[in-house]
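Novice: Dropping a prediction and its sequence here:
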Amino acid sequence: MSTKLKIFIASALVAVGLIIFALVMSALGWDFTKLNTSKYETNTHEITESFDDISINTDTADIRFLPAQDGKCKVVCYEMEKVRHEVTVTEGILTVEAVDTRAWYDYIGISFSTQTVTVYLPAGMYKALLIRSDTGHVELPNDFSFGELDVEVGTGDVNFNASVTGAVKIKASTGDVTVKGVTAGALDLSTSTGGVTVSEATVLGDIKVSTSTGSTSISDTECGSLTSTASTGGIYLSSTVASGSFSLEVGTGSIHFNACDAAEIYARAGTGSVTGTLLSEKVFIATSSTGTVDVPRGTSGGVCEITTGTGDIRLSID
C-alpha cells in the first residue's frame with residue numbers, strides 16, 4: 001500500500017469520525033453533560049441547628065455562598081452518586097465533608113459536569129470560615145461577614161467580596177485570587193501559578209501578597225503596610241496608600257505606581273523597571289545596574305529606596 005493511499009484512508013476515517021461525532025452531538029443538543037458516564041444527583045441539606053463557624057473540605061467541587069432569602073440555612077450539593085458530601089452541625093460548627101466511596105473502576109469514564117456545593121446563609125456575623133478544596137472555584141459575595149477566614153485551593157480561582165474583622169488568608173496553587181470591596185483586619189494572599197487582584201479594600205493591618213508566576217494588581221486600597229513579592233510577574237499599584245511601608249520585590253517583572261503613597265517605600269526588581277507617580281515627597285535612594293535613573297531630588301519625607309538590576313527607574317511626585 002502506497003503512502004498516499006494510507007494518508008487518504010486515514011483522512012477518510014477522521015472525516016467519518018467527525019461526521020458521526022457531529023450527528024451524535026446534534027441529536028444531544030450539543031449538551032456534553034449527556035455524555036457523562038458518572039451519575040450525578042442533587043441533595044439538599046436543611047440546617048436547623050445554630051452554628052457560628054463553618055468548615056468545608058471537598059475534593060472536586062465549586063463552592064458558592066448565597067444569601068438565604070427565607071432566612072433558613074441549607075446546603076445544596078450537586079454531586080456524583082459515589083462522591084457525596086456529608087453535612088453536619090457539631091459543637092457550633094457547620095461541617096461539609098466530601099465522602100468518596102468509589103472503587104478503582106469507578107474512576108474510568110467520562111465526566112463533563114462540575115460538582116457544586118452551594119451554601120445558603122442567613123444574614124449575620126459568623127466567627128470563622130475554613131475552606132479546603134483540591135479542585136474547584138470559591139465564591140464569597142459581599143452579603144456576609146466573618147471573624148476570620150482561611151481558604152486554600154489546589155486548582156481553582158477564589159473570588160472574595162465578604163468583610164472580615166480579623167485576618168484573611170487565601171492560598172491558591174493554580175488559580176487567580178480576586179479580592180474586591182472588602183474591609184479586613186489583615187490580608188495574606190498567595191498563589192503559585194496565578195495572579196492576585198485587590199481593589200476597593202480597606203485593611204486595618206498589613207497586606208501580604210506572594211506569587212510565583214503571576215502578576216499582582218492593587219488599586220483603590222488603604223492599608224497599614226504592604227509587602228508583595230513575585231518570582232515572575234509584575235506588581236502594579238494604583239491609588240493605594242499605606243500608613244506604614246511598601247516593601248516590593250520581583251525577580252522578573254516591573255513595578256509600577258500610579259498615585260500611590262506610603263510612609264516609606266522599598267522596591268527591588270531583578271529584571272524590570274520601576275516607574276510611576278507618588279503622592280508626597282520622598283528622600284530617594286535609587287540605583288540601577290543597567291538602566292536610566294530619573295527621580296526627584298527630594299530632601300524631605302520618608303525614604304524611597306529603589307534598586308533594579310536590568311531596568312529603568314522613573315518616578316515623579318503628583
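Specialist: Noted; the coordinates are in hand.

Novice: where exactly do the strands run in the stretch 51-200 of the chain?
Specialist: 53-60, 62-67, 73-80, 83-90, 93-100, 116-121, 125-135, 138-140, 145-155, 158-160, 163-174, 177-180, 183-193, 196-199 (DSSP state E, counting those that start in this stretch).

Novice: any chance of these in JSON lines, plus distance to Ser210, mean neighbour count and mean pLDDT?
Specialist: In this view, the C-beta of every residue, glycine as well, is placed from N, C-alpha and C. As requested, those are exported to JSON lines (distance: least, CB to CB, whole Å; neighbours: other CB atoms under 10 Å; pLDDT from 0 to 100):
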{"stretch": "strand 53-60", "distance to Ser210": "24", "mean neighbour count": "20", "mean pLDDT": "94"}
{"stretch": "strand 62-67", "distance to Ser210": "23", "mean neighbour count": "18", "mean pLDDT": "95"}
{"stretch": "strand 73-80", "distance to Ser210": "32", "mean neighbour count": "20", "mean pLDDT": "93"}
{"stretch": "strand 83-90", "distance to Ser210": "31", "mean neighbour count": "17", "mean pLDDT": "91"}
{"stretch": "strand 93-100", "distance to Ser210": "28", "mean neighbour count": "17", "mean pLDDT": "91"}
{"stretch": "strand 116-121", "distance to Ser210": "27", "mean neighbour count": "20", "mean pLDDT": "95"}
{"stretch": "strand 125-135", "distance to Ser210": "19", "mean neighbour count": "18", "mean pLDDT": "94"}
{"stretch": "strand 138-140", "distance to Ser210": "19", "mean neighbour count": "22", "mean pLDDT": "95"}
{"stretch": "strand 145-155", "distance to Ser210": "14", "mean neighbour count": "19", "mean pLDDT": "96"}
{"stretch": "strand 158-160", "distance to Ser210": "14", "mean neighbour count": "23", "mean pLDDT": "96"}
{"stretch": "strand 163-174", "distance to Ser210": "9", "mean neighbour count": "19", "mean pLDDT": "95"}
{"stretch": "strand 177-180", "distance to Ser210": "11", "mean neighbour count": "22", "mean pLDDT": "97"}
{"stretch": "strand 183-193", "distance to Ser210": "4", "mean neighbour count": "20", "mean pLDDT": "96"}
{"stretch": "strand 196-199", "distance to Ser210": "8", "mean neighbour count": "23", "mean pLDDT": "98"}
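
Novice: In CSV: those strands, plus distance to Thr232.
Specialist: Shown next, in CSV, are those (distance: least, CB to CB, whole Å):
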stretch, distance to Thr232
strand 53-60, 28
strand 62-67, 28
strand 73-80, 37
strand 83-90, 36
strand 93-100, 33
strand 116-121, 33
strand 125-135, 24
strand 138-140, 25
strand 145-155, 19
strand 158-160, 21
strand 163-174, 15
strand 177-180, 17
strand 183-193, 10
strand 196-199, 14
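
Novice: which stretch among the ones you listed comes nearest His256?
Specialist: Relative to His256, the nearest member of these by CB to CB is strand 196-199, separated by 14.5 Å.

Novice: could you say what helices and strands the following helix or strand past the closest one packs with?
Specialist: Where DSSP states H and E defines the elements, the next helix or strand beyond strand 196-199 is strand 202-203. Secondary-structure packing of strand 202-203 (3 or more CB pairs under 8 Å, 6 or more residues apart in numbering; DSSP states H and E): strand 183-193, strand 216-223.

Novice: Name the surrounding residues that touch strand 202-203.
Specialist: Outside strand 202-203, the residues within contact range by CB atoms under 8 Å, 6 or more residues apart in numbering are Val182, Thr183, Ala184, Gly185, Ala186, Leu187, Thr221, Glu222, Cys223, Gly224.

Novice: Bridged to the second one, which residues?
Specialist: For Thr183, the residues forming beta bridges with it (DSSP bridges) are Thr202.

Novice: so it touches Phe160, yeah?
Specialist: No - between Thr183 and Phe160 there is no contact under CB atoms under 8 Å: 12.0 Å.

Novice: May I have stretch 142-162 exported as CSV, CA atoms only?
Specialist: The C-alpha coordinates for stretch 142-162 follow below in CSV (Å, rounded to 0.1, in the frame of the first residue of the first chain):
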residue,chain,number,x,y,z
ASN,A,142,-20.4,40.8,49.9
ASP,A,143,-23.5,39.7,51.7
PHE,A,144,-21.6,38.1,54.7
SER,A,145,-19.3,39.0,57.5
PHE,A,146,-16.8,36.7,59.3
GLY,A,147,-14.4,37.0,62.2
GLU,A,148,-11.6,35.3,60.3
LEU,A,149,-11.2,33.4,57.0
ASP,A,150,-8.8,30.7,55.8
VAL,A,151,-9.2,29.4,52.2
GLU,A,152,-6.9,27.0,50.4
VAL,A,153,-7.5,25.5,47.0
GLY,A,154,-5.3,23.4,44.8
THR,A,155,-6.6,24.2,41.3
GLY,A,156,-9.3,26.9,41.1
ASP,A,157,-10.0,30.6,41.4
VAL,A,158,-11.0,32.4,44.6
ASN,A,159,-13.4,35.5,44.3
PHE,A,160,-13.7,37.1,47.7
ASN,A,161,-16.0,40.0,48.5
ALA,A,162,-17.1,39.5,52.1
